[in-house]
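A.B. asks: pasted the sequence and its predicted model underneath.
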Amino acid sequence: RAKKEGGNRVEPFRPAFRTSGSDRLQLEADLKRAIERKELSLVYQPIVRLSDAEVAGFEALMRWDHPKRGNISPTEFIPIAENSDIINQLGMFAFDRATSDLSEWQIQTGDLPIFVSINLSSAQLLNSGLYDDVRAILNKNRCDPAKVKMELTESLVMENPEQARLVLEKLREAGLRLALDDFGTGHSSLSYLTRFPFDTIKIDKALVRDPSDKRGVVLRSVIAMARELDMRVVAEGIESEEDAIQLAQMGCDYGQSFLFGPPVGSESILRLLKERFPLMKRA
Ligand code: C2E
Ligand code: MG
Ligand code: MG
Ligand code: MG
């Protein structure tokens, strides 16, 4: 990102970043080669409809199996990628792989009504080729754009809100769906809801698990607001069945958490789909 903008802009301090400066440079160099070395993969976590506990879709989450360090968390390597051009390659790798996996599941199960949700770094919105790349990959993988959601967070959008809005609107016009991720964490704010064409809100687990007795009021209000804006709501990180029932009663559409299933590989998803939708198998 810093490179792209061409200036000597000072990067903001990222408190989540635990790696030291030289480590970071090494990881950045390693990350550049990670795709061709096949060290990156995607896992998928079910997004479950709370009204009937049925699987509605999956979020694609990236994994990096580093040859020396083993698994490195995306919370560590995505920020590194975002500070260079690498995020564009990583982002397109995820988009390509996830839409091609979705196509394969559809072929194998007879066109199930499920979607795949893919994280899009706001840094990718600064790449003028994003929209064309997305269209080309959807075509190549014969993927219905209506079954593809992009998840966005981050204040970066606000660095160039006009360009971000234009790209997001084009993506919507092309039929893709857009989710505002990590809602309620401070990275995603209310003004995003009116400025950008989101159709889904993902409430961050910090809010879903807030131990305060005010949690109910806050969650109910967020869900009510989303419904009035004609948006779907996903609650992240629901910890108990009790909370799932309560959220369903509040009108929350979906849940995504270890309670409903951890992220797993594409083959496991295919098995899961064939199990859960036996009647629709090979329709
Ligand atoms: P996210 O998009 O908010 O994804 C949800 C994260 O919450 C995932 O962590 C998931 O494994 C975790 N999670 C789900 N259910 C539970 C639960 O019940 N309890 C707890 N404690 N955690 C749960 P993960 O896979 O480590 O990803 C972390 C973040 O890294 C993601 O947060 C997203 O911001 C980023 N990320 C992951 N893959 C990609 C990608 O392909 N592209 C981009 N740009 N970012 C990605
Ligand atoms: Mg996400
Ligand atoms: Mg999230
Ligand atoms: Mg998150």
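C.D. replies: Arrived safely, thanks for sending. Here the structure is a predicted model, which is why all the values come from computation and not from measurement. Ligands and ions are numbered 1, 2, ... in the order given.
A.B. asks: how about the strands of the stretch 1-150 of the chain, start to end?
C.D. replies: 40-49, 55-66, 70-72, 115-119, 148-152 (DSSP state E, counting those that start in this stretch).
A.B. asks: reformat those strands as a markdown table; add distance to ligand 2, mean pLDDT and mean neighbour count.
C.D. replies: Any C-beta I mention is one placed from the backbone N, CA and C, and that applies to glycine too. Output for the strands of the stretch 1-150 of the chain, formatted as a markdown table (distance: least, C-beta to the ion, whole Å; pLDDT from 0 to 100; neighbours: other C-beta atoms under 10 Å):
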| stretch | distance to ligand 2 | mean pLDDT | mean neighbour count |
| --- | --- | --- | --- |
| strand 40-49 | 9 | 98 | 21 |
| strand 55-66 | 6 | 98 | 20 |
| strand 70-72 | 18 | 97 | 12 |
| strand 115-119 | 5 | 98 | 24 |
| strand 148-152 | 4 | 97 | 24 |
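A.B. asks: as CSV, those with distance to residue 277 would be great.
C.D. replies: CSV is the format used below for those (distance: least, C-beta to C-beta, whole Å):
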stretch, distance to residue 277
strand 40-49, 13
strand 55-66, 8
strand 70-72, 31
strand 115-119, 14
strand 148-152, 19
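A.B. asks: these: which one's closest to residue 93?
C.D. replies: The minimum distance between residue 93 and these falls on strand 40-49, with 6.2 Å, by C-beta to C-beta.
A.B. asks: so which of the strands of the stretch 1-150 of the chain gets nearest residue 183?
C.D. replies: Using C-beta to C-beta, the strands of the stretch 1-150 of the chain put strand 148-152 closest to residue 183, at 10.7 Å.
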